[in-house]
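In: Any chance you could fold what I've pasted below:
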Amino acid sequence: MKKITKETYLNWYEEMLFWRKFEDKLAQVYIKQKVRGFLHLYNGQEAVLAGSLHAMELGKDRMITAYRNHVQPIGMGVDAKKVMAELYGKGTGTSQGLGGSMHIFSKEHRFYGGHGIVGGQIPLGAGLAFADQYFERDAVTLTFMGDGATRQGALHEAFNLAMLWKLPVVFCVENNGYAMGTSVARTANHTDIYKLGLGYEMPCKPVDGMKPEVVAKEMDEAIARARRGDGPTFLEIRTYRYRGHSMSDAQHYRTKEEVKKKQEEDPISYVLNKIYEKKWATEDEIKKIDKRVKDRVAECEKFAEESDYPAKNVMYDTVYEQEDYPFLSHKL
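Out: The predicted model follows:
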């Protein structure tokens, strides 16, 4: 595994803080109706992505996830300004404003969504891994899902084929405790989701998802197993989201006391405390990082605000091959 150094923790702090502030800004502009539709925020789960990215080979490996997908592409190298523009529905967005919050995508940076169908990305992740195996590309696909998606039948079909063919894929459930507003305990007769892998003799284990170095270690082992041809791993990464399932979630299913208690495990605070504990940065140096993050978020907002909406014909050009749109009853 790549060494985890002082620079690693400083980078983790800056990137995780940026992801948090980036989404805080999205929440603000959502209330102003500048971002429409659904908005599912990642606040609290940043250590999962930070640790995973440390273990990946970014120029080679792939990632696919569900609709809580704004910061993952940024971590994979997608321009954050374009991600925010996509949420604004602007033509400068990652999908020309047509994908929106739940469908961020970048083939260039090996990020394959962003999927609005619960569990829909699980067999797709296995498919990406199959393609890499078939073409001998030595790449590994990280397939993320929420705890609710583990109740989909497609997971079992994908697990079976992934083990049968020893596909280079790591299945990762980000267990934040609730599928929308339904707790894990109410959806199955066990709460140890990782044990679903046992039925397929797939290596599986629980992981502390609030500490990036723990995620990095376990992810590194799983990726190494997949890359050498030994097949998939199923990791239950236990994390927590500090905001609701989406912006429309009133969160009646959990108490404020529960959320406050979990905020004591905030992964960003954890990393910052580690930096101070090791004397890797002074308060002034941390303030400079905070300033860079604030400026970067402002730059993203400015870009999205000033970008134009896509021309109307763009919407049709992505659907119809014929330029005269023969199936429409009216002219543009």
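In: Let me see the ranges of the helices in the stretch 201-332 of the chain.
Out: Counting by DSSP state H, counting those that start in this stretch, the stretch 201-332 of the chain has helices at residues 212-227, 256-263, 267-277, 283-306, 312-317.
In: pLDDT averaged over the shortest one - what is it?
Out: Helix 312-317 shows a mean pLDDT of 84.
In: Check the fourth one too.
Out: Per-residue pLDDT values across helix 283-306 average out to 98.
In: tell me what that helix is packed against?
Out: Contact analysis of helix 283-306 by 3 or more C-beta pairs under 8 Å, 6 or more residues apart in numbering; DSSP states H and E lists helix 6-31, helix 80-88 as its packing neighbours. Yep, even glycine has a C-beta here, placed from its N, CA and C like the rest.
In: Quick one, which of these gets closest to Pro203.
Out: Between Pro203 and the helices and strands packed on helix 283-306, the shortest gap by C-beta to C-beta is with helix 6-31, which sits at 25.8 Å.
In: and that closest one, how far from the chain's centre?
Out: Centre-to-centre, helix 6-31 and its host chain are 13 Å apart (C-alpha atoms, centre = their mean, to the nearest Å).
In: same deal with stretch 237-255?
Out: On the basis of C-alpha atoms, centre = their mean, the separation between the geometric centre of stretch 237-255 and that of its chain is 16 Å.
In: Then stretch 187-197?
Out: Once both centres are worked out by C-alpha atoms, centre = their mean, stretch 187-197 turns out to sit 22 Å from its chain's centre.
In: what mean pLDDT would you report for it?
Out: Along stretch 187-197, the predicted local confidence has a mean pLDDT of 93.
In: now the end-to-end length of that stretch.
Out: End-to-end distance for stretch 187-197, by C-alpha to C-alpha, to the nearest Å: 17 Å.
In: Excluding its own residues, what touches it? List them.
Out: Contact with stretch 187-197 is made by 147-148, 150-151, 155, 159, 171, 173, 175, 179, 184-185, 203-206, 233-236, as judged by C-beta atoms under 8 Å, 6 or more residues apart in numbering.
In: do stretch 3-19 as well
Out: Contacts of stretch 3-19 (C-beta under 8 Å, 6+ apart): 42, 46-47, 49-50, 54, 70-71, 74-75, 80, 212-213, 216, 267-268, 271-272, 274-275, 278, 280-281, 286, 289-290, 292-293, 296-297.
In: For Thr141, which of the helices of the stretch 201-332 of the chain is the nearest?
Out: Between Thr141 and the helices of the stretch 201-332 of the chain, the shortest gap by C-beta to C-beta is with helix 212-227, which sits at 8.2 Å.
In: Which other helices and strands does the closest one contact?
Out: Using 3+ C-beta pairs under 8 Å, 6+ apart as the contact criterion, the elements in contact with helix 212-227 are helix 46-55, strand 169-175, strand 204-208, strand 233-238.
In: Surely Leu39 is in a helix?
Out: No. The assignment for Leu39 is coil, going by DSSP: H, G, I helix; E, B strand; the rest coil, so no helix is present there.
In: what's near enough to touch the closest residue in space to it that isn't next to it in sequence?
Out: By the measure of C-beta to C-beta, 6 or more residues apart in numbering, the closest residue to Leu39 outside its immediate chain neighbours is Met247, 4.5 Å from it. Taking C-beta under 8 Å, 6+ apart as the contact definition, Met247 lies against Ala27, Tyr30, Ile31, Phe38, Leu39, Leu41.
In: Good, wrapping up.
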